[in-house]
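Enquirer: Have a look; sequence and predicted model below, questions after that.
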Amino acid sequence: MLRIGRIDFANVTPLFLALEHGGVAGVEYVRGIPTELNRKLRTGAVDLSPSSSIEYLRHPNLYGFLPDLSISSIGPVESVILFSRHAIEELDGRTVALSPASATSVVLLRVLLESHLGLRPVYSESEEGAEAVLRIGDQALREARSGVWPRAYDLGTLWFEKTRTPFVFALWICRRDAFENRRSAVRDFYRSLVRARHLAYRSYPAYARQSREAEWMGVEELLSYWQTISYDLTAWHREGLRRFAEEARSLGEIEVVPPLAAIAVEG
């Protein structure tokens with residue numbers, strides 16, 4: 001049985017609905033937020049998962065990633081947001097609370113604030129006294145609709161404005177030992193996932209009407225949000241990932257920029 005990580009965020013709802021409709025056999029889904037699934041991948045509690053791209057960049061000897069697949073944005077992402085009481089340029093020396101749910105978004109925020117804007121905020125795991133907070137996933141989508149914060153900065157937008165490349169928030173990461181021991185199972189799931197991606201792209205309207213997220217977002221807003229998500233991993237996406245890796249290395253978040261070649265699932 002192949003253990004597959006499953007994130008219960010709106011950005012991957014179409015993919016997992018399509019997988020369910022395709023009737024994938026021989027897999028067990030393990031639910032969790034991105035940081036939880038990162039830990040489960042690292043410890044071997046999960047074999048394969050859509051997980052933080054920074055997790056792969058930090059442990060390339062432990063993992064490979066599947067070809068042609070990601071969870072990315074090309075410009076606005078809407079669900080990775082820095083909410084702030086001040087203009088972003090005024091955050092130097094101010095306290096910024098980080099999300100415990102995402103590893104990649106935390107590093108991306110450091111890149112944007114420190115490398116791109118030259119700021120030195122004070123990062124905190126606590127929101128007490130914070131003048132800005134990083135939110136991801138459904139929490140970010142909900143908070144953006146609440147109007148509680150006077151300013152909101154979409155990290156996907158900020159990255160694209162600076163680099164003109166997609167931002168790869170997550171890869172489909174596979175443990176190398178799982179791939180070596182279960183090649184046929186990984187290959188079969190990969191093929192199911194590619195079919196699910198095509199089905200998801202074609203089925204957004206139908207999926208939006210049956211998705212639980214529509215209860216609080218509405219069907220039209222959910223459809224609009226899904227249009228910001230890219231499930232592809234083209235050469236353009238990999239260029240964005242390479243640039244992110246270089247930025248992460250310059251901040252000491254990773255030791256080296258690893259090869260960005262996918263594992264040979266079909267080889």
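Expert: Received it, and whenever you're ready, just let me know what you need.
Enquirer: What residues of the helix or strand in which Trp236 is found count as buried?
Expert: Following DSSP states H and E, one finds Trp236 within helix 235-250. Neighbour counts over helix 235-250 (16 or more other CB atoms under 10 Å) mark His237, Arg238, Glu239, Gly240, Leu241, Arg243, Phe244, Ala245, Glu247, Ala248 as buried. All C-beta spots, glycine's among them, are computed from the backbone N, C-alpha and C.
Enquirer: likewise stretch 150-169?
Expert: In terms of neighbour count (16+ other CB under 10 Å), stretch 150-169 has its buried residues at 152-160, 163, 165-169.
Enquirer: Identify the residues contacting that stretch?
Expert: The contact list for stretch 150-169 (CB atoms under 8 Å, 6 or more residues apart in numbering) reads 52-53, 70-78, 80-88, 102, 104-105, 108-109, 111-112, 116, 144, 228, 230, 233, 236-241, 243-244.
Enquirer: where's it relative to the chain centroid, distance-wise?
Expert: 13 Å (CA atoms, centre = their mean, to the nearest Å).
Enquirer: Ser126 contacts Leu98, correct?
Expert: No - using CB atoms under 8 Å, Ser126 is not in contact with Leu98; the gap is 9.6 Å.
Enquirer: Show me which of the two is the more surrounded one.
Expert: Using other CB atoms under 10 Å as the criterion, Ser126 and Leu98 rank with Leu98 on top: 20 against 9.
Enquirer: tell me the secondary structure for Ser102?
Expert: Following DSSP: H, G, I helix; E, B strand; the rest coil, Ser102 is assigned to coil.
Enquirer: Assess the claim that it and Pro34 are in contact.
Expert: Yes - using CB under 8 Å, Ser102 is in contact with Pro34, at 5.1 Å.
Enquirer: list the residues that contact both of these two?
Expert: Going by CB under 8 Å, 6+ apart, residues that sit against Ser102 and also against Pro34 are Ser52, Ile136.
Enquirer: Export the longest helix anywhere in the chain to CSV, keeping only CA atoms.
Expert: In the chain, assigned by DSSP state H, the helix with the most residues is helix 183-202. Only the C-alpha atoms of helix 183-202 are listed here, as CSV (Å, rounded to 0.1, in the frame of the first residue of the first chain):
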residue,chain,number,x,y,z
ARG,A,183,8.5,1.5,-8.6
SER,A,184,5.4,0.1,-10.3
ALA,A,185,3.2,1.5,-7.6
VAL,A,186,4.7,4.9,-7.9
ARG,A,187,4.5,4.7,-11.7
ASP,A,188,0.8,3.7,-11.5
PHE,A,189,0.0,6.5,-9.1
TYR,A,190,1.9,9.0,-11.2
ARG,A,191,-0.1,8.1,-14.3
SER,A,192,-3.3,8.4,-12.3
LEU,A,193,-2.2,11.8,-11.1
VAL,A,194,-1.5,13.0,-14.6
ARG,A,195,-5.0,11.9,-15.7
ALA,A,196,-6.5,13.5,-12.6
ARG,A,197,-4.8,16.8,-13.5
HIS,A,198,-6.3,16.8,-17.0
LEU,A,199,-9.7,15.9,-15.5
ALA,A,200,-9.5,18.6,-12.8
TYR,A,201,-8.8,21.3,-15.4
ARG,A,202,-11.8,20.2,-17.4
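Enquirer: Now that helix: buried residues?
Expert: For helix 183-202, using 16+ other CB under 10 Å, the buried residues are 185-190, 192-194, 196-197, 199-200.
Enquirer: Any stretches of this structure with poor pLDDT?
Expert: 267 (pLDDT under 70).
Enquirer: tell me the angle of the longest strand along it relative to helix 235-250?
Expert: Counting residues, the longest strand found in the chain (DSSP state E) is strand 63-73. With axes from the mean of the first three to the mean of the last three CA atoms, to 10 degrees defining the directions, strand 63-73 sits at 110 degrees from helix 235-250.
Enquirer: tell me the SS of Tyr29?
Expert: Reduced to three states by three-state DSSP, Tyr29 is strand.
Enquirer: If you compare the directions of the helix or strand harbouring Glu20 and helix 183-202, what angle comes out?
Expert: Assigned by DSSP H and E, Glu20 belongs to helix 13-22. Between helix 13-22 and helix 183-202, the angle comes out at 120 degrees (the same axes, to 10 degrees).
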